[in-house]
Structures are given as C-alpha cells and as structure tokens.
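Undergrad: Based on what follows, work out the 3D shape:
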Amino acid sequence: MAYAYHSNNTFLAVPHGLTDKPFAVAGVPYDGAVTNRPGARFGPSSIRGASQMLCDGTHPYFDVSPFEQLCDLGDVYLPNTSIDGMRASLAEQIPAMIAKHHMCWLGGDHSITLGLLRAYHAHYQKPLAVLHFDAHCDTWDTHFDEPSGHGTWVYEAIKEGLVDPECFVQIGIRSAGPHAARNYVKNQGGVIFTARDMRGLETLGELDVVLKTIHERMKRKCLPAYLTIDIDHLDPAFAPGTGTPEPAGMTTNQTFTILEQTADINWVGMDCVEVAPAYDHAELTSNAAAQLVWTYLSGQVARSTNNVR
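TA: Numbers count the residues shown, from 1 in each chain. Just a heads-up that it's a prediction; the model follows:
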C-alpha cells in the first residue's frame with residue numbers, strides 16, 4: 001500500500017533493507033495535531049536528507065560513527081487524520097521495533113511522543129525518566145478544546161503514569177501560556193530550566209548546574225530514560241523551519257553540549273519532532289535536527305563500547 005509523505009531516503013544513507021543492527025531510525029510522518037503551521041509530516045524526509053552529508057566521517061567529540069551499527073526502518077504507516085487512529089497504528093507497529101532496536105524516531109509533531117511513551121512503558125513495565133527540550137511546556141489539559149494534541153502530551157503522560165514526574169526535566173520553555181501549565185512539571189516534582197534560565201550559559205562551566213541536575217534526575221530512580229527534542233526549543237535563528245517558532249530560544253551550542261555531556265545516561269530511545277521544512281531557510285533546521293540525532297547516536301555507540309568521555 002502506498003502512503004503519502006513517506007520517505008524513500010535513509011538516515012546517513014545506510015543501505016535499504018537492513019534490520020539486524022542494534023540501533024535504528026524510523027520516521028513518524030504525522031502532523032494532524034499542529035495548532036499553528038502544518039508541515040511536520042515532511043520532517044522525516046528532510047532530516048534524512050540533511051543527514052547524508054554525515055555518512056562518511058566520525059563524530060568530532062565521540063570519535064565514532066554509528067553508520068555500521070545503524071539501520072533505517074523507513075516510516076511507520078499512519079493515517080494523517082485522526083490522532084486516535086495515529087496512536088492506534090503506532091501501538092500496532094512500534095513494539096517490535098522497540099524490542100529489537102535502540103530507536104530514534106523522526107517526527108512528525110509532538111503528539112507522537114505520547115504514543116511512543118506508552119509503548120516504552122509497556123515494554124519496560126515501569127515509568128520513564130524524561131529529558132524534554134521544547135519552547136512549549138506541552139502541559140495543557142486540553143488542546144484547543146480537543147482532549148489531546150501536541151500541546152498536552154506531557155500532562156497526559158504524567159496523568160497516565162508513563163513517566164515519573166520527579167525524573168522529568170524540561171529545558172528551553174518560553175512560550176505564552178497559563179501559569180499553571182507553565183509550572184505543571186515543577187509542581188509535580190520535576191525541574192524546569194526556562195529559556196531565560198539558559199541565557200548566557202554557553203561553556204561547560206556555565207552549564208555545570210544544568211548538567212548536574214539532568215544527571216541527578218535521570219539517574220535518581222534507575223529508570224529507563226527517554227530524550228525528546230522539539231526543534232523549536234532552538235531560537236528561530238538556528239531553527240526557523242518549525243510550526244510554532246518562539247523568539248529568545250536556546251543556541252545549538254548549548255544543546256549539543258548537553259547531548260555530548262549526557263551520553264552516559266541510561267537512554268533507551270529518543271525522538272526529534274516538529275521539523276517543518278517548508279518554513280526552513282538554507283536547511284538550517286533540518287541540518288540541526290540531523291546532527292542532533294547523529295550526536296545522540298554517536299554517543300550511544302560510544303557508550304555501548306565503554307568509550308564515553
């Protein structure tokens with residue numbers, strides 16, 4: 001069956017048809033829950049395309065390449081209409097992927113993360129620790145009068161017990177919203193570093209408190225840890241190609257430093273969402289997303305061989 005919006009290219013240009021590698025990428029081309037500009041359904045294709053310039057070298061910090069240990073499973077087959085239909089399709093298709101591979105998911109809008117967390121929770125039979133990069137808190141209890149969407153998944157995940165709120169860290173939050181929503185994670189026992197908190201923190205020394213807090217919260221209860229990166233946590237100067245850009249965001253330098261310095265955490269999977277290439281300029285956003293996923297994968301390959309610095 002043919003599905004619209006599906007990618008035919010692969011991450012890092014790995015050969016088609018491989019399924020026997022420890023690490024895998026899969027696309028989740030769904031943007032039926034966006035509230036501003038659509039187009040994140042095209043994110044998986046654009047991220048894969050941007051990644052292909054990285055296929056022939058090692059990571060400059062980890063000095064490894066994930067190429068030989070990576071396969072690309074293509075895009076999950078999804079209806080791009082009903083959010084319930086999307087999540088039902090995810091529930092049917094992704095458990096086998098999670099059981100076999102350390103997965104990196106390419107979105108798609110952020111509503112996909114709730115379905116992913118449900119699958120990881122079912123696989124591990126315990127809540128997850130989560131590190132969440134985003135301009136938006138995603139803790140609304142409704143989504144423009146809809147019960148669920150790309151702005152409610154954190155609220156729903158905590159309510160469903162999919163995540164441990166004490167092991168939940170948000171970074172980059174800065175959008176307008178109700179006070180209760182912006183502070184929901186903190187009020188549940190988690191940690192929030194707003195974009196204002198992050199201003200001026202560029203060096204390892206300046207980021208020390210942030211890094212120590214992430215390590216402590218991700219490791220506090222020895223839970224499986226999950227990383228979710230909404231590309232709009234970056235300032236639009238670094239990532240204009242997204243559906244709901246917010247000025248005064250984080251720098252790529254900050255995010256890459258955090259990813260490099262947290263590779264030793266017990267990550268079990270990650271997603272990178274909300275890349276909308278129609279609004280991009282010079283592929284800035286797709287390149288940032290591709291390199292974020294590549295950096296994560298390189299760190300996990302290094303960790304698997306006990307070579308994390």
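
Undergrad: Would you map the strands across the stretch 51-200 of the chain?
TA: Ranges of strands in the stretch 51-200 of the chain, per DSSP state E, counting those that start in this stretch, are 70-75, 102-107, 128-133, 163-173, 191-194.

Undergrad: tell me what the last one is packed against?
TA: What it means is strand 191-194. strand 163-173, helix 184-187, helix 208-219 (3 or more C-beta pairs under 8 Å, 6 or more residues apart in numbering; DSSP states H and E). For the C-beta atoms, the positions are set from N, CA and C on the backbone; glycine is no exception.

Undergrad: partner strands of that strand, parallel or antiparallel?
TA: strand 163-173 (parallel) (DSSP bridges).

Undergrad: Check the first one too.
TA: Paired with strand 70-75 in the same sheet, following DSSP bridges, are strand 23-28 (parallel).

Undergrad: tell me the angle the partner strand makes with strand 102-107.
TA: Taking axes from the mean of the first three to the mean of the last three C-alpha atoms, to 10 degrees, strand 23-28 and strand 102-107 form an angle of 20 degrees between their directions.

Undergrad: got a list of what the closest residue to residue 295 other than its chain neighbours touches?
TA: Excluding its sequence neighbours, the residue lying closest to residue 295 (C-beta to C-beta, 6 or more residues apart in numbering) is residue 259, at 5.0 Å. Contacts for residue 259 (C-beta atoms under 8 Å, 6 or more residues apart in numbering) come out as 292, 295-296, 299.

Undergrad: Need those residues in CSV (columns: pLDDT).
TA: Output for the contacts of residue 259, formatted as CSV (pLDDT from 0 to 100):
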residue, pLDDT
292, 98
295, 98
296, 98
299, 98
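
Undergrad: ok, and for the lengthiest helix in the chain, which residues are buried?
TA: Longest helix of the chain, by residue count under DSSP state H: helix 284-304. Neighbour counts over helix 284-304 (16 or more other C-beta atoms under 10 Å) mark 284-303 as buried.

Undergrad: Which residues are in contact with the residue nearest to residue 12 when sequence neighbours are not counted?
TA: Distance criterion C-beta to C-beta, 6+ apart; nearest residue to residue 12, sequence neighbours excluded, is residue 55 at 4.5 Å. By C-beta under 8 Å, 6+ apart, the contact set of residue 55 is 12-14, 67.
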